[in-house]
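Trainee: sequence and predicted structure are below.
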Amino acid sequence: MTDPVQSLPRLADVLAVLDGLYDPRWAQSWDSVGLVTGDLDQPVRRVLLAVDPVDAVIAEAVDWRADLLLVHHPLLLRGVHSIATNHPKGRAVTALVQAGLALHVAHTNADVASPGVSDALARTLGLHDLRPLQPVAGDALDKIVVFVPTADAERVLDAMADAGAGRVGAYERAAWSTEGIGTFRPLDGARPAVGEIGAVEQVHEVRVEMVVSPRRRTAAIEALRAAHPYEEPAFDVIPTATPPGPRGVGRVGELPESETLQAFAARVSRALPVTPAGVRVAGDLGADVRTVAVCGGAGDDLFDDVRRAGADVYVTADLRHHPASESLAHGGPALVDCAHWATEWPWLGVAEQQLLDGLAARGATVETRVSHLVTDPWSFRV
């Protein structure tokens, strides 16, 4: 039952939470993420989470009377020129629209999120001390440096903070300052807040430094100008380096203690949902493993990163013959190959809880469900 203190969100409100968790700007350029069908003003009571937007999953969402289907894999990754129902894509789109069911995709933007798809896989396997396998640069930041009369420094700092400057991780209003002497000579036509036309003036000032996202740069500068007492405030905007952050493709972590590859393979089999494809293993079954690299989904383009990370074993999906063989010829690591769907399914529970927490912070709630339909395309193994 819905908490009476909380209210049903609109689809736009739910998407705002999802985009905060899985920013569309993090997606690969070839990817297709975001809203596929749905009215931004429609209320959302129920959300079904699944890996694949296939017919069976859409039918499950419709039968449950879901308002939003959140999936990992895109429905319309490649261009289509018809949504007629004699085509699988058209059949899916038609079913979604007829049911009033919104479809939202978080794909490579969820892969690199922190926490994201590979974090969920790593946690499911019991790994700790996680770090990105292939880190991506953190969010770009500018540094604004402004010189303010001492008595006005706090007011200018607060105004910039209110405009979005000084936000670093879980902190806000982060700034650095030092005192010094500012000097200037007002010319004819100036209207100085301090000093007189033609006279050299010296003022005790504070140098205030704050970082700001480029998206908030203009707002922060406007706030600076509005709060600053000078007609022409002196300030600099300096782009900063963007070192690797917590986001990235894949994860590397540690087992609580070493175990044989055979025992670890059994751990993987127990932890992941069962599929006909099962779990394949390459390597010495008696070898000890402790450091583990994982990548939810297809990860055979990351072998160089896995070796650099010093992993004893690599867990991923869709390993092809030649890349796997060449990796083993390099001397390792051992390989554990799982069904693509199975390596990404654990993320659904994490996304579910994050969505609920994000909506609760906005005073809203929805009912959620994770689909347990096995949508791995392989249905039988001889």
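Mentor: Looks like it arrived, so ask away. None of the values given here were measured: they were computed from a predicted structure.
Trainee: for residue 298, list the residues it contacts.
Mentor: 316, 317, 318, 340 (CB atoms under 8 Å, 6 or more residues apart in numbering). Glycine gets a C-beta too; all of them are placed from N, C-alpha and C.
Trainee: what comes up buried for the longest helix belonging to the chain?
Mentor: In the chain, taking DSSP state H as the definition, the longest helix is helix 346-361. In terms of neighbour count (16 or more other CB atoms under 10 Å), helix 346-361 has its buried residues at 346, 347, 348, 350, 351, 352, 354, 355, 356, 358, 359.
Trainee: which is the next helix or strand following that helix?
Mentor: strand 367-370 (DSSP states H and E).
Trainee: rounded mean pLDDT for that following strand, please.
Mentor: For strand 367-370, the mean per-residue pLDDT is 98.
Trainee: tell me the strands beside it, with direction?
Mentor: Using DSSP bridges, the strands paired with strand 367-370 are strand 46-50 (parallel).
Trainee: the partner strand: how far from the chain's middle?
Mentor: 19 Å (CA atoms, centre = their mean, to the nearest Å).
Trainee: buried ones in the following helix or strand past it, by neighbour count?
Mentor: Next in sequence after strand 46-50, counting helices and strands by DSSP H and E, comes helix 55-63. By 16+ other CB under 10 Å, the buried positions in helix 55-63 come out as 57, 58, 60, 61, 62.
Trainee: packing partners for the helix or strand just after helix 55-63?
Mentor: Using DSSP H and E, the helix or strand that follows helix 55-63 in sequence is strand 68-71. Counting contacts by 3 or more CB pairs under 8 Å, 6 or more residues apart in numbering; DSSP states H and E, strand 68-71 is packed against helix 11-21, strand 46-50, helix 55-63, strand 102-105.
Trainee: narrow the contacts of residue 298 to those in helices?
Mentor: Among the contacts of residue 298, the subset assigned to helices under DSSP H consists of residue 340.
Trainee: ok, and the most crowded of the contacts of residue 298?
Mentor: residue 316 (27 neighbours; other CB atoms under 10 Å).
Trainee: ok, that residue to residue 165 distance?
Mentor: Distance check for residue 316 against residue 165: by CB to CB, to the nearest Å, it reads 41 Å.
Trainee: helix, strand, or coil at residue 292?
Mentor: For residue 292, the assignment made with DSSP: H, G, I helix; E, B strand; the rest coil gives strand.
Trainee: my guess is it contacts residue 255, does it?
Mentor: Yes: between residue 292 and residue 255 a contact is recorded at 6.3 Å, counting by CB atoms under 8 Å.
Trainee: contacting residues around stretch 229-245?
Mentor: In contact with stretch 229-245 (CB under 8 Å, 6+ apart) are residues 114, 132, 135-149, 152, 182, 190-194, 211, 217, 221, 224-225.
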